[in-house]
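Participant: Below are the sequence and a predicted model; questions follow.
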Amino acid sequence: MKRFAVIGVGSFGFYVAKALYENKNEVIAIDRSKERVQAVEPFCTSAIVQDVTDMEALKGLGLGEVDAVIVSTGANIKPSILICFHLRRLGITRIIAKAEDDDHGEILKLLGASEIIRPGVDMAKRLALQLTSPNILEFLPLEEDYTIAQVAPPSPFIGRSLRELDLRQRYGVNIIAIKELVPERFVMVPTADFVVKDSDLLIMVGKEADLKKIKELK
């Protein structure tokens, strides 16, 4: 189970928090609006009314242990700027921030955001890609209990070839691509001789239960 904090639960933040919670994650939802917090409360682990543009208020929430913070504070850009700045000062390494435009996104990056999203623009690009390139991996149609997952290799995989690991036979999953980080390279349909490194990311397809078994390996 991963832990996330969603700051700002207007329309976009609400659905992000709800989707994360429904996918069995721990979710802390934060907003200055009592009404918004009450609306999201059934769909998160905890819901907090707080203005986190104040550094001390943000510090008091204890977000140091979360896997990521999603900042979605609406059209007024000032709160998101202050929040990203404070989160970086608190040592939060993964900050995903919603930007209103390109300039806003660049400012948020300079102040500590590690990832920028623009829901309308991103959705338009995804739809265009889906319509023009229906065979793109991201839009591969899967049966209900199958999924695609990006997995960091557990220690028993490191230094072994895909032939040795024989993941299809042992776990019922297939590696369809590998993202090498050192050096940066994307390997589509790797050969059986490919030796897994600790800096690789394995992109697998299989049943959710089987993928979970691999993720739980130490």
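Facilitator: Now that the structure is in, tell me what you want to look at. Numbers count the residues shown, from 1 in each chain.
Participant: C-alpha from now on. contacts and neighbour counts both.
Facilitator: Noted.
Participant: Just give me the neighbour total for residue 213.
Facilitator: Using other Cα atoms under 10 Å, residue 213 has 10 other residues around it.
Participant: wait, is it part of a helix?
Facilitator: Yes: Residue 213: assigned to a helix according to DSSP: H, G, I helix; E, B strand; the rest coil.
Participant: What confidence value was assigned to residue 76?
Facilitator: pLDDT for residue 76: 85.
Participant: what's the spacing between it and residue 16?
Facilitator: 19 Å (Cα to Cα, to the nearest Å).
Participant: Could you list the domains of this protein?
Facilitator: Using automatic domain parsing, the domain parsing of the chain gives 3-123, 140-215.
Participant: winner for burial among those?
Facilitator: Of these, the one with the most neighbours on average (mean count of other Cα atoms under 10 Å) is domain 3-123, at a mean of 18.
Participant: looking at the domains of the chain, which has the lowest confidence?
Facilitator: Ranked by mean pLDDT, the domains of the chain bottom out at domain 140-215, with a mean of 86.
Participant: Might you report the residue contacts of residue 145?
Facilitator: Contacts for residue 145 (Cα atoms under 8 Å, 6 or more residues apart in numbering) come out as 207, 208.
Participant: ok, 6 Å please
Facilitator: residue 207 (Cα atoms under 6 Å, 6 or more residues apart in numbering).
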